[in-house]
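1. Provide a 3D model corresponding to the input given below.
(chains A, B and C)
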Amino acid sequence: MSTPLPRPRRKNPILRTRLPTLPPGMRSRFALGLTAAAARGRLELQHCSDCGAVQYPAREACHRCLSDRLAWRPVADAGELIADTRIHVSQELFFRERVPWRMGLVRLDCGANVIAHVHRDCPAAPTRVRVLNALDRAGQAVLTALPEEGDATMADDPQLRELTCDPRDRRILVTDGKTAVGQAVIDRLVEAGAEIVWVGYSEPWKKFPGFDRLESIPQVTLMPLDVTDPVSVRELAREIGFKTDILVNTAEYHRAYGIAQRAGTEVARAEMDVNYFGLLRLAQEFGPVMRGRGADGQNSAVAWVNLLSIFALANYPPHGTFSASKAAAHSLAQCLRAEMQPAGVRVINVFPGPIDDEWNQLILPPKLAPAALAAAIVKALRESVEDVYPGDIAQDWFARWRDNPKALERELVANP
Amino acid sequence: MPPAAPARTLADLVAALADGRIRIIDLTQTLSPDTPPIVLPPEMGQSWPFRREEISRYDERGPGWYWNNISCGEHTGTHFDAPIHWISGSNLPNNTVETVPVEHLIAPASVIDCSKESAADADFLLTVAFILDWEARHGRIPARSWLLMRTDWSKRTDPVAYQNFDETGQHSPGPSAEAVRFLIDERDVVGFGGEAIGTDAGQAQHLRPPYPCHYYMHGSGRYGLQCLTNLDLLPPTGSVLICPPLKIQQGSGSPLRVLALVPAA
Amino acid sequence: MAVPVTIPYVRYSIRGAHWFAGRALKELVAGSGLDKARIDGLCFSSFTLGPDTAVGLTQHLGLSPRWLDHIPMGGASGIVALRRAARAVQAGDAAIVACIAADTNHPDTFRRTSANFSVFARDAVYPYGAGGANASFALLTAHYMRCYGARAEDFGRICVAQRANAASFPHALLRKPMTLEDYLGARPIAEPLRLFDCVMPCAGAEALLVMREALAEAQGLPHARILATIERHNAFADDPIQTRGGWAEDRDALYGQAGIGPGDIAFLETYDDYPVMTMMQIEDLGFCGKGEGPDFVRRHDLTAGGSFPLNTSGGQLSVGQAGAAGAYLGLTEAVRQLTGRPLGRAVRDAAFGMVSGFGMINYDRGLCSGAAILARARTA
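-> Numbers count the residues shown, from 1 in each chain, chains lettered A, B, ... in the order given. The predicted structure follows:
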């Protein structure tokens, strides 16, 4: 049990804003299997497919039998901290600004020896720990030894906070509060301790259901925002951009048409204008100012969440143009990830299956409840997961897509 | 007294404009991203709101100049409706903005003040009786003139109030079906103009026929003007409207500048 | 082994490693009285010669050797170079081999070397605090202390003694006298390591010539003899954490080759990147049992005139670590002691000396180890 983080104090406006620095980000290609696992919140190590030996650090050939058939598989996270130290002098600016920094050597129960960051609540070595695989500010996987039993203050460990995007005490923009998903996200963020939630909404003349309830939440401030209007986006960015710690883009235009069911491109353009160009406009206006605040104290700019769709990975023909707009947004979100990387701002892409809303009316269950989607988003923020596939359908489609994308393509034609 | 020679008339007009004996009133709303768009049910095709995207502004995209790309629907903001806009006018000759006879684009206007009634009832309908009552005070509506319904609706600068939606749809004033038939059959107007987002009332889908102003006006080769403003600056009679729409190939309407020439008081 | 050369160390230099290599070669030539062209073998080590290797040096310095090697083994490079050169000379592949280690040091050199030290370090160590070797050896030291009851004072004894040895060594960069209080009170680097547990990176070079005994005698060159050498890499790979090095596996062979025992060794030059490694070398090279290092250190006077002369020129901890030249520091000091020409304090009656090498924390442990037993010349 360690001291919980106090609420951040008002920033002294005369002081220079500290610029973001990053932990070392170079990895061999074969080491990036750990990063792929961390992006989805899993601990995986290489296992030799021929003799079963676990390999760490990652490598090109099995250290026991020299086989090159090394597959990344989940391992149990339990182990023993054998030795630990607190670094006072570091070679890199990122750590120099954060010393003393605790790290150590853990022998995992599966047999691998891993160097890891060590949470302040871990007793001195030797002690049992569990190991977390998470993305650091450079976007690369790092391992952290955590105490076997965590408590409520665990998230406040300064070293762990460098891995996560905890909404607590942070100021968050949710770009569209009109939808059920938007409102569920707002509720979850408020519950998670957000300091302020700005809620964007467009077309103010259409008073949407839930407006009054949102207005009554003390942390919520409703702000006009139309992501199809560059002027609207710029004005909002000018007003709150420099205070936005987390941006959750829930703005979405969803119709259920393929190519042949609708003449003209007007619907598809509207989908692109919100789902793709809306993201682009937001990124152009909010990106630079968030990048500048990547290391700005306790509530720094820390994450950008994109509500995509599992349809972004493989086109769902009955919602064909919508799928294409989400695929475009996905590609752009990867571009955004690259541009935010130097500032250590995490771009989190969420790929839900069909949501239980009006636009997915004709899709058979299971469908994702907005509350479940919101919970997955908050979990991803807390755990520095970067690619989220919430719900049964998303998990199923993702597994099929990874296994054989061409097979999934055919399955979606046969059983839309 | 015989009419003056046309050249003289024009010269007099120019002189009168120059010295303010004839004033120009701008009846046009500014086109901006905030201009309320027409909103149809989600299954229908939607008209674009007005959007302006900078091409350059004295910067690396164009060092010495500023210009924009704009986009909007034909029916965004203060706009002109041509007969082809409605199914009832789809087969008439010269029914597009491209082919509208230009002689129709400068015409006198009568302004009927319904502002008090509209303030009291957002669903106010202009009736034949109301029109006859107005004519009793201001004289018969001339043929080939515009009939403008002043409601002061343009003073609702809050877009929520302007669109005035509730669960049953929009609520804004407009003409009754009978009033429209009267203006066409009995008075041969050139068109109908209003301040709200449609010439028809907000609840006109429930009239018989639905949207009678569009149906009958365009069905008889006449025109509509929407989102007008400053009608409260016009006299009941005696204004002349200048309202040429853009010459869009096969166009059903276009945003335009509506100017009124008005004798100084 | 003849003509021990040290190019004086400096903290930072605007010169490159090629300059230090060139100076070392010039001193070898001058010290040997031989023509440069007589040097027909070259063995080179450096961290900062890139993008060149020993190959580039041949043309850079005008050598045309018939035997060439580049040894990238960090602190084990000296011992390994000695082995390679000796085998070449024994086999007749070369007659006179120049063994040189040279490194420059710019303000950012240490960070760059640490950041790109090895694939495993880059992938799985450096991202965890970027503490470099200091952090890695902090872990080994903490573990060793816990397992064997070593205290900070025990490591301090080693550092204080070596500082005393450095007082008379002209090339030492750190000669200010140091007490145990100074050692314990120094600022922490990575717990439990403090400032004086860590070497000072610098620029410099060390070198010597390897040739047949008969040739050294014919040339009238003071020299030392190589009696025995060992090397081993990635030893005890299944140890969860490093508590011993490869010497533990091969020390019997080492003494066997030399035909002497630990009691015959007059001085020991360990690779002292960190005091804990010196303790492990003392144990693994047979001077005491595993885990008895702290007790051994407490019971002995480690100065050049004491009961167990250790790192008699001051070791890297007081002289400085000129990159790969740190691997040779013990070798050149050993030759000087065994030829009776020390630059600083002499070890009395030095008939046999031992030099140990260690290096390359590839991931979590030093992989390379080696040792040599050297003797006075027969004619000395």
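2. and the residue of the stretch 251-400 of chain A nearest chain B?
-> Relative to chain B, the nearest point of the stretch 251-400 of chain A is residue A:266 (5.0 Å; C-beta to the nearest C-beta). C-beta here means a position set from N, CA and C on the backbone, and glycine is covered the same way.
3. burial measure for residue A:410, as a count.
-> Neighbours of residue A:410 under the rule other C-beta atoms under 10 Å in any protein chain shown: 10.
4. wait, is it part of a helix?
-> Yes: Residue A:410: assigned to a helix according to DSSP: H, G, I helix; E, B strand; the rest coil.
5. would you list every one of the helices in the stretch 51-200 of chain B?
-> Shown for the stretch 51-200 of chain B, the helices assigned by DSSP state H, counting those that start in this stretch span residues B:115-120, B:128-138, B:159-163, B:177-185.
6. could you measure from residue B:36 over to chain C?
-> According to C-beta to the nearest C-beta, to the nearest Å, residue B:36 and chain C sit 54 Å apart.
7. hmm, back to that, ok, the residue of the stretch 251-400 of chain A closest to chain B touching residue B:47?
-> No: applying C-beta atoms under 8 Å, one finds residue A:266 not in contact with residue B:47, separated by 9.1 Å.
8. got phi/psi on residue C:96?
-> For residue C:96, the backbone dihedrals (degrees, to the nearest 10) come out as phi -130, psi 110.
9. mind checking how far the closest residue to it other than its chain neighbours is from residue C:325?
-> The shortest distance from residue C:96 to any non-neighbouring residue, by C-beta to C-beta, 6 or more residues apart in numbering or on different chains, is to residue C:211 (4.7 Å). Residue C:211 sits 21 Å away from residue C:325, going by C-beta to C-beta, to the nearest Å.
10. what's opposite the closest residue to residue C:82 other than its chain neighbours in the beta bridge?
-> If the residues on either side of it in the chain are set aside, residue C:82 comes closest to residue C:372, at 5.8 Å by C-beta to C-beta, 6+ apart. Applying DSSP bridges to residue C:372 gives these bridge partners: residue C:229, residue C:355.
11. contacts only, for the residue of chain A found nearest chain B.
-> In chain A, the residue found nearest to chain B is residue A:205; the distance is 3.4 Å by C-beta to the nearest C-beta. The neighbours of residue A:205, taking C-beta atoms under 8 Å, 6 or more residues apart in numbering or on different chains as the test, are B:36, B:39, B:159, B:160, B:162, B:163, B:164, B:165.
12. count the residues that sit near the nearest residue to it once chain neighbours are set aside.
-> Sequence neighbours aside, residue B:163 is the residue nearest to residue A:205 in space, at 3.4 Å (criterion: C-beta to C-beta, 6+ apart). If you count neighbours by other C-beta under 10 Å, residue B:163 ends up with 22.
13. can you pull the pLDDT of residue B:163?
-> In this model, residue B:163 is scored at 95, pLDDT.
14. pretty sure it contacts residue B:170?
-> Yes: contact status for residue B:163 versus residue B:170: in contact at 6.3 Å, counting by C-beta under 8 Å.
15. between those two, which contacts overlap?
-> residue B:197.
16. okay, and the helix or strand of chain C with the least pLDDT?
-> Least confident helix or strand of chain C, by mean pLDDT, DSSP states H and E, is helix C:109-115 with a mean of 91.
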